[in-house]
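Colleague: the sequence isn't on hand, but the structure is:
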């Protein structure tokens with residue numbers, strides 16, 4: 001059996017300093033990475049290495065991630081029993097969810113990385129890569145595996161800037177763990193059907209903004225947004241609230257482009273019928289905003305961009321968020 005490994009750079013592969021550089025920048029290849037993982041050869045599986053152009057994950061684009069997903073799909077069609085992608089952790093929660101939304105196979109698509117680079121004491125990359133390669137459970141879609149925990153791409157978030165245990169799924173917890181080399185999947189969530197593969201040209205032409213609401217925010221910076229963007233995700237207070245002065249602006253925007261309401265808290269759901277003041281969730285939904293449910297703002301933006309690229313109308317967008325949020 002074969003595991004296809006796609007390497008995209010990131011902390012997991014940063015092993016040295018280039019001339020004149022202060023921080024670590026030099027890249028390890030996939031062969032270097034796998035050679036540094038004790039126990040990987042004992043899995044009894046061939047690791048098929050694909051070194052992709054390396055870059056910080058903060059610079060990745062939708063198109064680049066989808067190119068990797070497409071190549072991974074071809075690897076599975078050719079017989080790989082699963083896919084592992086190693087990359088930087090900055091945008092990992094978003095890239096994994098983007099992959100999950102379009103991944104059509106029962107074979108796993110596992111994303112991993114590291115918080116400590118190989119020049120430091122106790123680098124976590126080798127352990128994370130070994131755990132990711134071990135996860136072969138089918139019908140779970142996109143997964144994130146770090147710190148011996150298995151998370152659904154749909155729910156996982158990076159929750160700390162430096163901790164090796166930074167990734168967690170606040171609302172649902174980990175799906176499973178890797179214990180003494182054994183993969184234990186404890187929860188199997190329902191997985192919605194994958195979205196159609198996006199047209200590259202339409203995706204490149206569609207822009208979706210994200211606005212995080214803050215104290216005394218009147219939304220003035222959103223003026224003209226409908227002329228430059230095709231959608232907006234609002235990260236509101238608490239269960240989906242904004243200052244009263246902001247509500248009319250959001251309603252006017254929702255008449256022109258889809259506006260999705262999420263919570264900036266990182267856990268819990270937007271409500272639909274509890275609070276009724278101006279700027280509350282009841283008020284905003286009555287103005288045409290779409291309820292983002294349990295999806296955090298970053299995941300909601302990924303989903304909304306794929307939907308607007310597919311030409312989905314407001315009813316289809318609302319249905320998609322009701323199903324996936």
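Modeller: The structure has been received and is ready for your questions. Every value quoted in this text rests on a predicted model; they were computed, and no experiment measured them.
Colleague: run the chain-centre distance for stretch 36-43.
Modeller: 28 Å (CA atoms, centre = their mean, to the nearest Å).
Colleague: mind listing what's buried in that stretch?
Modeller: By neighbour count with 16 or more other CB atoms under 10 Å, stretch 36-43 contains the buried residues 37, 40, 43. (Each C-beta comes from the backbone N, C-alpha and C, glycine too.)
Colleague: residue contacts, the closest residue to residue 169 other than its chain neighbours?
Modeller: In space, and not counting its chain neighbours, residue 169 is closest to residue 155: 4.1 Å by CB to CB, 6 or more residues apart in numbering. Contacts for residue 155 (CB atoms under 8 Å, 6 or more residues apart in numbering) come out as 169, 170, 171, 172, 294.
Colleague: which among those residues gets closest to residue 53?
Modeller: residue 169 (29.8 Å; CB to CB).
Colleague: that closest one and residue 29, how far apart?
Modeller: Distance, residue 169 to residue 29, by CB to CB, to the nearest Å: 31 Å.
Colleague: who has more neighbours, these two?
Modeller: residue 169 (21 against 13; other CB atoms under 10 Å).
Colleague: number of residues surrounding residue 275?
Modeller: By other CB under 10 Å, the burial measure for residue 275, its neighbour count, is 14.
Colleague: so it makes contact with residue 236?
Modeller: No - using CB atoms under 8 Å, residue 275 makes no contact with residue 236, being 11.3 Å away.
Colleague: which neighbours do those two share?
Modeller: With CB under 8 Å, 6+ apart as the test, residue 275 and residue 236 both reach residue 281.
Colleague: near residue 185, how many other residues are there?
Modeller: Considering only other CB under 10 Å, residue 185 is surrounded by 14 other residues.
Colleague: who's it bridged to?
Modeller: On the basis of DSSP bridges, residue 185 is bridged to residue 176.
Colleague: could you report the pLDDT at it?
Modeller: Looking at residue 185, its pLDDT stands at 96.
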